[in-house]
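K.L.:
A predicted structure for the sequence below; I have some questions about it.
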Amino acid sequence: MTDSAVKTCTEGNILVVTINRPERRNAVDADTATLLERIFLDFESNTSLAVAILTGAEGIFCAGADLKAVAAADMALDSVQLGPMGPSNLLLSKPVIAAVEGYAVAGGLELAMWCDMRVAASDAVFGVFCRRWGVPLVDGGTVRLSRALGHSHALDLILTGRGVCGTEAQVMGLANRLVEPGMALESALELAGQLAEFPQTCLRADRMSSYQQWNMSQQEALENEFAGGLEVLASGESVAGARRFSDGAGRHGKFED
């Protein structure tokens, strides 16, 4: 599917979502946010798709909210049901990977942090650039940065608005994988393919437990993890995997079989 603001395509059971507003450095206005929201809700309900990738057109991930639309009062904070940038308040049951080239700043950084993992070009830039304009983080930035990076790193970004790239971005946890410029999408597709090949009931249960723990006590989180694990065991997926291993697959840490 192609749209003026967002493009989508599939690679097997992987969905690639591309913000397509290069003339605005892929900044998101209300219409684009609504499209992103709808696309990811459709991804969630589509049983043939296992992993999604979010990226931006022409070498830029996303420059955040379209400040021209904000200045013209065309992008009210209540204009999108789930989040001003689109899917930012969603907790999907399936993983999303950000493929980051160029700038992932302001709301674009928030979208990148909404994703489960980030594959970034070594010269990609992450930053709370909206600090300069008095535009707040309202798509989970203060929450996800603090939880993913630790409070000290998060406050460094939130308070200063400075850009971070390369090794520092990886050390902070902004980038899970660093790749050569121009290779982020290709590398993200390779990673997505690896995730899609794993037994999906187990992968999704473990992923969901990791997210759900945040508003639980340790004991509640442990019980929740165990309950999810019992559902996986009841599905038969674990028994099938154990049989494959008994038959000789996956020895010595091999992932190919």
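P.N.:
Right, received. Where do you want to start? These numbers come from a predicted model, not from an experiment.

K.L.:
which residues of the stretch 51-200 of the chain score low on pLDDT?
P.N.:
70-82 (pLDDT under 70).

K.L.:
Quick one: the strands in it, in order.
P.N.:
Assigned by DSSP state E, counting those that start in this stretch, the stretch 51-200 of the chain shows strands spanning 51-56, 96-100, 103-105, 117-121, 125-127, 164-165, 177-179.

K.L.:
okay, these in JSON lines with mean neighbour count and distance to A148 next?
P.N.:
For glycine as for every other residue, the C-beta is placed from the backbone atoms N, C-alpha and C. Listed next are those as JSON lines, based on neighbours: other CB atoms under 10 Å; distance: least, CB to CB, whole Å:
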{"stretch": "strand 51-56", "mean neighbour count": "26", "distance to A148": "16"}
{"stretch": "strand 96-100", "mean neighbour count": "28", "distance to A148": "12"}
{"stretch": "strand 103-105", "mean neighbour count": "28", "distance to A148": "14"}
{"stretch": "strand 117-121", "mean neighbour count": "26", "distance to A148": "10"}
{"stretch": "strand 125-127", "mean neighbour count": "24", "distance to A148": "12"}
{"stretch": "strand 164-165", "mean neighbour count": "22", "distance to A148": "13"}
{"stretch": "strand 177-179", "mean neighbour count": "20", "distance to A148": "15"}
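
K.L.:
okay if I get the ones you listed as JSON lines plus distance to S152?
P.N.:
What follows is those, written out as JSON lines (distance: least, CB to CB, whole Å):
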{"stretch": "strand 51-56", "distance to S152": "27"}
{"stretch": "strand 96-100", "distance to S152": "23"}
{"stretch": "strand 103-105", "distance to S152": "20"}
{"stretch": "strand 117-121", "distance to S152": "20"}
{"stretch": "strand 125-127", "distance to S152": "16"}
{"stretch": "strand 164-165", "distance to S152": "14"}
{"stretch": "strand 177-179", "distance to S152": "22"}
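
K.L.:
nearest to L195, of the ones you listed?
P.N.:
With CB to CB as the measure, strand 51-56 is the member of the strands of the stretch 51-200 of the chain nearest L195 (5.1 Å).

K.L.:
which other helices and strands contact the closest one?
P.N.:
Counting contacts by 3 or more CB pairs under 8 Å, 6 or more residues apart in numbering; DSSP states H and E, strand 51-56 packs against strand 14-19, strand 96-100, helix 107-114, helix 184-197.
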